[in-house]
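K.L.:
here is my input; please provide its structure:
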Amino acid sequence: MKSNNNSHSKEEDLKQQETSPTNSHITTLDSRFNQTLRNVQGLLKGRSFPGKVLITRRSDPPDGAILGSPGVSRSPSEIDSPPDKHMDDPTEDQVHINKPNASTSGNKLKPSMSSVEDGSKEAPRFVMGARATDTARLMKFTKVLGGTTVILDKLRELAWSGVPPYLRPNVWRLLLGYAPPNSDRREGVLRRKRIEYFDCVAQYYDISDNERTDEEITMLRQIAVDCPRTVPDVTFFQQAAVQKSLERILYTWAIRHPASGYVQGINDLATPFLVVFLSEHLEGSIDNWSIADLDPAKISDVEADCYWCLSKLLDGMQDHYTFAQPGIQRLVFKLKELVRRIDEPVAKHIDEQGLEFLQFAFRWFNCLLIREIPFHLVTRLWDTYLAEGDALPDFLVYIFASFLLTWSDKLLKLDFQEMVMFLQHLPTNNWSHQELEMVLSRAFMWHTMFDSCPNHLAT
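P.N.:
Okay, here's the model as predicted:
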């Protein structure tokens, strides 16, 4: 009888814990973490996954099940199949992380990515991430965006795993805070902000050099030199009108942000916005786009949207581009420490060869990986960037650690000179969305494991 009373008391305590706001938040985080682990397991079936973390499951998920963010692309056969009734239900399957013994804390924590690298050679190129095309997810996007006021937390959760291309312009404007969540105010705010940009262009750009300072003339010339070099492997950016639009955006931004001014690399950051907002007006492949087909008024609107979204993005990382770029240097140091904790042999080998993380990772942080992956994958990567919001700078460390350790086995075989050449020309040309989703999923896992435990990253 006493045992029954104790059992009943424990059940009541559990119910109270489940209904508390704090426990609800933890449950949500655990759910996303479990979903990510399951997604990674799906891609790693049949592959070794050595390290400090042992991933096990109580039961296999239903065939075709697709989980909430962050996600991993499905195979083409899965994309064609109808959505599973268990979709996005994290309670159907549980994933457990077995903590290692203290004696193993110095061991490697990494998946073997050699098979991913080999598989990428023949990987098909998808127009968009499979996750973004799931019918159930499209319905969720439609529901979130269709309300009078968009709940940004829900939108961020959905966008993390990829945004359907036709929704991406509106979603990005909302995520960056450029467009207001209230639909009744949205059109008026965008119209006012676009007019403000046009006024800035007239005031700062559409003037003669006689009205500029020597520093402004030098800066404008540097921008004019950099624009033709921007994304040189995409022919669309070689069009003179596109380069002129990019020049106006960058110069106007630099004049209005004198603390940093123009820094090489910011030109790359404007390109995803330009492509996404032009996609509202141009159809088909970017290789066939011609900006000359657009009405000048539409081009001006696109420029304005690019300017304001670039401004919103950089507001959260201004010290990345001020003198000596201290923000980037700080993040590179964090990257080095994180890699040392996740994969000590690789970190030790890089150190023994005399290679500094700043020598290869500086460009990653400066250009947010735009120069390291195929351009058709950039907008999918930026869905996750923008979904992270103010937390993006710190999360970049985990993305870049995951990106680097994709080639951990390869790096261990290279000397200093070979590593420098390899890291400057990474073999990502044939990457598909699958490789990118793997990078993002590992980053999310490691962020969940390490970010709440800062002592793990202490020397």
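
K.L.:
which residues of the stretch 251-400 of the chain fall in helices?
P.N.:
Listed in chain order, the helices of the stretch 251-400 of the chain (DSSP state H, counting those that start in this stretch) span 266-278, 296-315, 326-342, 344-352, 357-367, 378-388, 392-404.

K.L.:
and the ones you listed as TSV, adding distance to residue 196, mean pLDDT and mean neighbour count?
P.N.:
Quick note: C-beta positions are derived from backbone N, CA and C, even for glycine. Below are those laid out as TSV (distance: least, C-beta to C-beta, whole Å; pLDDT from 0 to 100; neighbours: other C-beta atoms under 10 Å):
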stretch	distance to residue 196	mean pLDDT	mean neighbour count
helix 266-278	17	98	23
helix 296-315	8	97	20
helix 326-342	27	96	19
helix 344-352	47	97	17
helix 357-367	28	97	19
helix 378-388	22	98	23
helix 392-404	25	97	23
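
K.L.:
want to try TSV for these, with distance to residue 150 as columns?
P.N.:
Shown next, in TSV, are those (distance: least, C-beta to C-beta, whole Å):
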stretch	distance to residue 150
helix 266-278	18
helix 296-315	16
helix 326-342	30
helix 344-352	42
helix 357-367	30
helix 378-388	13
helix 392-404	20
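
K.L.:
what's the closest of those to residue 145?
P.N.:
Taking C-beta to C-beta, helix 378-388 is the member of the helices of the stretch 251-400 of the chain nearest to residue 145, at 14.3 Å.

K.L.:
and the contacts of the closest one?
P.N.:
Outside of helix 378-388, the residues within contact range by C-beta atoms under 8 Å, 6 or more residues apart in numbering are 69-70, 128-129, 132, 156-157, 159-163, 165, 168, 171-172, 175-176, 271-272, 275-276, 313, 368-370, 373, 392, 395-396, 399, 433, 436, 440.

K.L.:
which ChimeraX command selects the buried ones in the residues you listed?
P.N.:
Here is the ChimeraX command that selects only those of the contacts of helix 378-388 that count as buried (16 or more other C-beta atoms under 10 Å):
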select :69,70,128,129,132,156,157,159,160,161,162,163,165,168,171,172,175,176,271,272,275,276,313,368,369,370,373,392,395,396,399,433,436,440
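
K.L.:
helix or strand for residue 138, which one?
P.N.:
Using DSSP states H and E, residue 138 sits in helix 135-146.

K.L.:
residues of that helix that come out buried?
P.N.:
Buried, per 16+ other C-beta under 10 Å, within helix 135-146: 137, 138, 140, 141, 144, 145.

K.L.:
for stretch 243-260, same thing?
P.N.:
243, 245-255, 257, 260.

K.L.:
using JSON lines, lay out these together with pLDDT.
P.N.:
Below are the buried residues of stretch 243-260 laid out as JSON lines (pLDDT from 0 to 100):
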{"residue": "243", "pLDDT": "97"}
{"residue": "245", "pLDDT": "97"}
{"residue": "246", "pLDDT": "98"}
{"residue": "247", "pLDDT": "98"}
{"residue": "248", "pLDDT": "98"}
{"residue": "249", "pLDDT": "98"}
{"residue": "250", "pLDDT": "98"}
{"residue": "251", "pLDDT": "98"}
{"residue": "252", "pLDDT": "98"}
{"residue": "253", "pLDDT": "98"}
{"residue": "254", "pLDDT": "97"}
{"residue": "255", "pLDDT": "97"}
{"residue": "257", "pLDDT": "95"}
{"residue": "260", "pLDDT": "92"}
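
K.L.:
can you list which of these are found in strands?
P.N.:
Per DSSP state E, strands hold no members of the buried residues of stretch 243-260.

K.L.:
closest one of those residues to residue 377?
P.N.:
residue 246 (20.5 Å).

K.L.:
quick check: that closest one vs residue 262, distance?
P.N.:
Relative to residue 262, residue 246 is positioned 12 Å away (C-beta to C-beta, to the nearest Å).

K.L.:
which residue is the nearest non-sequential neighbour of residue 353?
P.N.:
Spatial nearest neighbour of residue 353, chain neighbours left out: residue 416 (4.3 Å); criterion: C-beta to C-beta, 6 or more residues apart in numbering.

K.L.:
per-residue pLDDT, the one you found?
P.N.:
At residue 416, the model reports a pLDDT of 97.
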